[in-house]
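Q: got a predicted structure here, sequence first:
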Amino acid sequence: MTIEITRRNALMFGAAGVASVSFGLSAFAKEMTTEEAVASFVGGIEPSEMRIEIDAPEIAENGNSVPIEVSVESAMEGDDMVEEILVLASGNPNPGVATFRFSALSGEARASTRIRLAKTQDVVALARMKDGSIHRATRAIKVTIGGCGG
Amino acid sequence: MISRREFLQASVAATALTGFGGGWSRAAAQQAISEDALIDMAGVGNVTLMHITDIHAQLKPVYFREPSVNIGVGEAAGKPPHVTGEDFLKMFNLEAGSPHAYALTSQDFAALANDYGRMGGIDRLASVLKRIRADRPYALLLDGGDTWQGSYTANQTRGQDMIRVMNALEPDAMTSHWEFTYGGDYIRDVIEDLPFPFLGANIYDKEWDEPAFEPMKMFEKNGVQIAVIGQAFPYMPIANPGWMFPDLSFGIREKRVQEIVDEAREQGADLIVLLSHNGFDVDRKLAGRVKGIDVILTGHTHDALPEPVQVGETLLIASGSNGKFVSRLDLDVQGGKVKAYGYRLIPVFSDVITPDADVAALIDEVRAPYADELSRVVGKTDGTLYRRGNFNGTWDDMICDALISQRDAEIALSPGFRWGPSLIGGENITVEDLHNATAMTYPAAYRSQMTGEFLKVILEDVCDNLFNPDPYYQQGGDMVRVGGMGYRIDVNAAAGERISEMTLLASGKPIDPSREYTVAGWASVNENTEGPPIWDVVEAHLKDVGTVSPDVNSAIKVVR
């Protein structure tokens, strides 16, 4: 298992079943916008909105450290296997958050991390399955000044 | 800091001063309504739930004007509780000028307040509860939280006055919000001594992301297994100072609620009750998404509704605030299903309901050490002072005036809290009244420079927390109150585009995005905020002006 930590947006992680994780986008992809990073990941395949879920607070308690968890319903055997999940923070100056890679030994496709969100935005997760299909989930997370509580 | 032990000793020493003085009465209230008619109802089924919430430490009866402006957005538009005034009377078939119209709306508030008098008082609540229990000995009493904060004595004793008095009512469980502003560690300490569970399925340890509080309690009553799940205010560290409870995380955590509901059913629950401090619109959405909740006892948004709102098979109950109401919900539960229900929102008219003598004595006992200060007169008002409503109310207009004059500011910001009872014209303003509208643990009145651009960011941010069409993204209270500046708000516009026409009232000129303005405010959630406590600022202002003459605020234009 290799863990390559070039973290910028991600602060820490705890992942079930992750074979490896890299934070941020790879060096050549650093300048990519969210749209470009998505296009590069899906490679022309139309993503399905099924089976993948981002679990995160609706409103961040602290924009500097927002816990998120991405999971994909998968048997994790044969063709029904998640190979990798890309997480993007679409509203950050540098949207790449992390890429989680899975193997048959992973057991389940579930990964959690804490991310920094510069402002209210959509967090996007894309999963590539072994059969080549892509699944996509989007979750709005609000970052607010706070105060005035009831 | 006063420890629990010291407080108890102080109270014991003060018992010689007890004695209840509530001898006044108002003919109109007593002729229009009798105690029997207020409380009694034909029992239904085999379960009774009694719900109180958002008492905000109001031990004594108060005036509380319900909102005249309470705008619903998205799917909540036009639905209760976002119905006010005449529309409310029509929707629930209430007669203008009737006791219920006075209790539930702002219609003719000032005039009706003279007829019907104050509402609430924990000693009256005690009488109502006792009477229901005589009829239904298996009734559960559930407290929705925001119970320990909101008065001078609660602030002085860190909620110990409320804890003592509420314990006398023998609640079966409670959940929470402002309780945590006394400090997370303190709350963990005091709940160890509570004779009932302090529930919060959605309160987590921040570092380990694990549940930190008891989520649920199973009760067997009258042969029925009742699971009560607690849900604390979800946006605690955002809406209130997170540094006061740094190791805790909250959130709606819908999945967690579903897990506990499923667990409760597996353990044999016949009835699932969510004792919630989510706020009504959040609970309405949650009721449509989490399966298997029979009853949500709502709180936080201070709504009082004379009938349950039904979402699928879930009943939502809204029991008001400040001790004005007790909800009695009877349920016929058979084979794990609710077959029938009876509901009564009992308005606690303080001149009609006889106080419970023991609880009245206890209230006097906890207040006795502070009696002189509580009754000290600091000013007078010749009109209604109220806070509740989406935008500026007269109480906060006065607080903003105080901030501008006493802190030499151009613009004042005052938080859109929902707590804070009302005063009617002709009354003195006492220290007690002032603290009922300001008592909190982070009262510093700051003074700082803000650009016009940043002021717009603040207004947009706060109004999105109120008018985001998705209730899960609505974080907190009503709109921040503004003094010295007018603005226009288009409630249904997109986030970031609702506020326009920001105007400095002193000059009549538009707010310049690049200019810096001197802004005074209070209740900042930031640690180490400096400034005098807001009550000192307001008291100094009242000393200068003597009598307050509340006026209609025409500086805020609302487009809906």
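A: Sure thing, it's come through.
Q: quick one, phi psi at the residue nearest to B:Tyr152 when sequence neighbours are not counted?
A: Setting aside the residues directly before and after it, B:Tyr152 is nearest to B:His435 in space (Cβ to Cβ, 6 or more residues apart in numbering or on different chains), at 3.7 Å. Where you see a C-beta, it was placed from the backbone N, CA and C, and this is true even at glycine. Main-chain torsions, B:His435, degrees, to the nearest 10: phi -70, psi -30.
Q: next one: B:Glu220
A: phi -110, psi 110.
Q: and for it, the neighbour number?
A: The local packing of B:Glu220 (other Cβ atoms under 10 Å in any protein chain shown) involves 11 other residues.
Q: from what I can see the residue nearest to B:Tyr152 touches B:Gln156, true?
A: No: applying Cβ atoms under 8 Å, one finds B:His435 not in contact with B:Gln156, separated by 9.2 Å.
Q: the two: who's more crowded?
A: B:His435 (27 against 17).
Q: mind listing what the more buried one touches?
A: B:Ser151, B:Tyr152, B:Asn155, B:Trp535 (Cβ atoms under 8 Å, 6 or more residues apart in numbering or on different chains).
Q: which residue packs closest to B:Lys79, ignoring adjacent ones?
A: Spatially, and ignoring its direct neighbours in sequence, B:Lys79 is nearest to B:Gly72 (6.0 Å; Cβ to Cβ, 6+ apart).
Q: who are the contact partners of that neighbour?
A: Here B:Gly72 is in contact with B:Gly78, B:Lys79, B:Pro81, B:His82, B:Asp281 (Cβ under 8 Å, 6+ apart).
Q: now do the contacts for the last one.
A: Residues near B:Asp281 by Cβ under 8 Å, 6+ apart: B:Gly72, B:Ala76, B:Thr301, B:Pro471, B:Gln474.
Q: and it, what element?
A: helix B:280-289 (DSSP states H and E).
Q: pull the CA atoms of stretch B:531-538 into CSV?
A: The C-alpha trace of stretch B:531-538 is given here as CSV (Å, rounded to 0.1, in the frame of the first residue of the first chain):
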residue,chain,number,x,y,z
GLY,B,531,-16.6,45.4,24.9
PRO,B,532,-19.0,46.1,27.7
PRO,B,533,-21.9,43.6,28.2
ILE,B,534,-24.9,44.7,26.1
TRP,B,535,-27.1,45.1,29.1
ASP,B,536,-24.8,47.9,30.5
VAL,B,537,-24.9,49.6,27.1
VAL,B,538,-28.7,49.5,27.0
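Q: how far away from the center of its chain is it?
A: Put simply, stretch B:531-538 sits 22 Å off its chain's centre (Cα atoms, centre = their mean, to the nearest Å).
Q: run the contact check for that stretch versus chain A.
A: No: Stretch B:531-538 stays clear of chain A (Cβ under 8 Å from any Cβ of the partner chain), getting no nearer than 13.9 Å.
Q: surely A:Thr120 touches B:Gln475?
A: No: here A:Thr120 does not reach B:Gln475: they are 11.5 Å apart, not a contact under Cβ under 8 Å.
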